[in-house]
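A.B. asks: need a 3D model of the sequence below.
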Amino acid sequence: MRSLGVARAFPASKVLQFTRCTGLFRLPTTAHRFVNKPPVPSQHKCHSTAATSVRHNIASSSRQGLRRIAAMSQKDTNGAAAAAADPRLTKLRELMAKADGGKGVAAYIVPTEDPHMSEYPPDHFRRREYLTSFTGSAGTALVTADKALLWTDGRYFLQAEAELGPGWTLMRGGTGTCPELNDWLSDNLPEGSRIGFDPFCHTVDSINKLKARLQENGLEAVPLLADGNLVDGAWGSDRPSLPLTPLRVHEARWAGKTIKDKLVEVRQALAVAHADCFLATTLDEVAWLYNLRGNDVPYNPVFVSYALVSMTDAVLYTNPAKVPPPVADHLKEGGVIVRPYDSLVPDVRSKASGKAIIAMDFSKVSYAVYQAAEEAAAAGPRGRKRTAADAVVASNGTQQQKHAVVDLSSPVVNAKALKNSAELEGMREAHLRDAVAICDFLEWLGDKIGSGGTLTEVEVDLELTGRRQQQQGFNEPSFPTIAGANSNGAIIHYRPQEGSCKTVDGNTLLLIDSGGQYDCGTTDITRTFHFGNPTAHQKRCYTRVLQGHIALSQAIFPEGTPGSAIDALARLPLWSDGLNYRHGTGHGVGAALNVHEGPQSISTRYWITTPLQVGMICSNEPGYYEDGGFGIRIENLLVIQEADTKFRFGGSTFMAFEDLTLVPIQTKMIDPALLTPAEEQWLDDYHRKVREAVSPRLAGKPAVLEWLKRHTAPVREQLAATGIAAATKAAVAVPVA
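C.D. replies: Model prediction:
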């Protein structure tokens, strides 16, 4: 799917937080003019999602309110007047002046993150989106007395330019000329300036870095806990409430492990860390640990919650009104008690004051929770100050104060990434159901376009989602569908809107990136199609992308290999022509959970050293994009399995990939002169696998079954059927029109 941007650069030992965009507006493009050479490749792409049609009714009415605010802010073309008149900034600056008991702050940081560091926060926590009108999922706003700045990376430049109001300045992060936010603060504000932030929306790691940089120039980072989030004060009564949708039990047949099984694993990690309890703060961690699912966040089956596990008990912190009797029984059987969501911080304080050592992942836990534990520990039971009796003796013989919190890479994240046999069975089943829906859609689409019909990008989304809805166990899309025709395919964060989107016809190059959330698993697939006569340049680019996809799918690598070590395999064919793409090649995928998960990644981000392991699921999605021209991406999901190698050098286990995605790859755009016999064989083998797996599910759909057989025939048969002369290096031509 879209992908794999990193909101922050965590240390290698930490879990990567992936992000993607929920683009709002149709973005402008710039046509390329060239003489005797192909168009200039896109310089800002790193693919991510666009959102589904407004008819999907996934977004809440409060999200529509945010969009109205965003649209209003963009209508004013007078930059100075808009900056002064923007009621959001005006109110926020008033609150900044009064913050911290009247001391005030010179600047206020508004990140994307919520208290759970979510990729997709509930509307209740979309503060940066409300304040800036920028709907991308990666970015941080900074407001001073006279400036409003937004930092984001190259994946979002076009979107931010379209969505930010004239009172805002876009800071183009990662370009080499734009300072990081911490550096900008330190270099531009006078000594003694106080920088405010909501400690619930920043991790411990991020605040430690902020403090260290500010202190170099005599500035102070001020956690505004008592004030609450200042953006909430500006938002006022229009701020959406937290969702109240009930939780549901994730079936044991798809979970594979009981709650008790999973708690045993967490407690084993606690024993190794010499800690008394572990706090899980990200929403997918809690959902996986307690075998629950929810609907608090669009596209992600999670719910607002925390989990606190000790050696003797386990607690779920959420709104008790969302726990129906079947869920209550499920939790009771697993040894889990339910406490109100707002009880988490008081309970952490209580445990810390009682000398408990709480393990937290500093790359995920909020600074507010960490600070509450440390302050309570310093005060001691019932407010008693800790004494020498509370100290521990260090290895050098000196006494040191015993901390209430230890940094522990989340054992839940690591366990969740390694799918058990039941989870893998569920993912395979989800991909079979998804294949039926997509093949049904593609057969219909080919007939419609082939008979001279047209449809809009929004209608593409509606038709595809409608067929997924017919499948057993379908809950919702796994992310907002991208349906980008021609130049819109190059806008990675593109979101088709009724009344402004492009039309798909017999001359269209169409990129479709979509996925589904089923009761048994999560899917994510991209295919690129041409319905007319692609240019030689488009065919060459497409073939290079396909060759990169094949190369990664065929990779065999030793245990201990991180994704960064094999990312280049997918880029080499593109590099050979001087082409590239500015996004990672693969992200982790949850089992009936978030479509983006860590800690694994296949990308150029060398600091992500998490090794790829058996049972992990990753996407394989090289691409190529030209502004004003077209976008190409081919994506399958892969599961890592042990490879059957002739030798085992040094006793090492070697690993390989198995394709989970089961949908034909259109080959109409392949350049026959570029495809090798080995790559042709891979296509034949893949299409044979697709045909054998999916055909039984299409017994009641004879037209779709015939479509599948044609599009999974051996390469040379397809060439003969389409009248293309078979060359030594043959190409596949899958007619969808």
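
A.B. asks: where does the residue lying closest to M669 once chain neighbours are set aside fall, secondary structure wise?
C.D. replies: Using C-beta to C-beta, 6 or more residues apart in numbering and skipping the chain neighbours, the partner closest in space to M669 is Y542 (4.0 Å). C-beta here means a position set from N, CA and C on the backbone, and glycine is covered the same way. In this structure, Y542 sits in helix 536-553 according to DSSP states H and E.

A.B. asks: ok, now A328?
C.D. replies: Using DSSP H and E, A328 maps to helix 325-333.

A.B. asks: buried residues in the helix or strand following that helix?
C.D. replies: For helix 325-333, the succeeding helix or strand toward the C-terminus, using DSSP H and E, is strand 336-339. For strand 336-339, burial by neighbour count (16 or more other C-beta atoms under 10 Å) applies to 336, 338-339.

A.B. asks: and what of stretch 213-227?
C.D. replies: In stretch 213-227, counting by 16+ other C-beta under 10 Å, buried: 213-214, 217, 219, 221-224, 227.

A.B. asks: determine the longest helix present in the chain.
C.D. replies: The longest helix of the chain (DSSP state H) is helix 421-450.

A.B. asks: so who does V694 touch?
C.D. replies: Residues counted as contacts of V694 (C-beta atoms under 8 Å, 6 or more residues apart in numbering) are 432, 435-436, 439, 662, 708.

A.B. asks: and it, how close does it get to Q517?
C.D. replies: Distance, V694 to Q517, using C-beta to C-beta, to the nearest Å: 20 Å.

A.B. asks: would P240 count as being in a helix?
C.D. replies: No. Counting by DSSP: H, G, I helix; E, B strand; the rest coil, P240 falls outside a helix, being coil.

A.B. asks: hmm, back to that, name the nearest of the buried residues of strand 336-339 relative to H549.
C.D. replies: V336 (42.5 Å; C-beta to C-beta).

A.B. asks: what bridges to the closest one?
C.D. replies: When assigned by DSSP bridges, V336 has beta-bridge partners A314.

A.B. asks: for E626, same thing?
C.D. replies: With DSSP bridges as the rule, E626 is bridged to F630.

A.B. asks: where does the stretch 301-450 of the chain have low pLDDT?
C.D. replies: Residues of the stretch 301-450 of the chain meeting the criterion pLDDT under 70: 381-402.

A.B. asks: revised request: answer the last question for the chain.
C.D. replies: 1-84, 381-402, 719, 722-737.

A.B. asks: and the helices in the stretch 601-737 of the chain, which stretches?
C.D. replies: Counting by DSSP state H, counting those that start in this stretch, the stretch 601-737 of the chain has helices at residues 677-694, 702-711, 715-722.

A.B. asks: including distance to C501, could the ones you listed go into CSV?
C.D. replies: Listed next are those as CSV, based on distance: least, C-beta to C-beta, whole Å:
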stretch, distance to C501
helix 677-694, 30
helix 702-711, 26
helix 715-722, 30
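
A.B. asks: closest to D205 out of these?
C.D. replies: Evaluated over these, closeness to D205 peaks at helix 677-694, with 41.4 Å, by C-beta to C-beta.

A.B. asks: and the closest one, what's buried?
C.D. replies: 679-680, 682-684, 686-687, 690-691, 694.

A.B. asks: cool, and stretch 250-265?
C.D. replies: For stretch 250-265, a neighbour-count test (16+ other C-beta under 10 Å) marks 250, 254-257, 259, 262-263 as buried.

A.B. asks: how long is that stretch from one end to the other?
C.D. replies: By C-alpha to C-alpha, to the nearest Å, the extent of stretch 250-265 from end to end equals 19 Å.

A.B. asks: what's in contact with it?
C.D. replies: With C-beta under 8 Å, 6+ apart, stretch 250-265 has contacts from 287-293, 309, 314, 330-331, 333-336, 411-412, 415, 420-423, 425-426, 519-521, 591-592.
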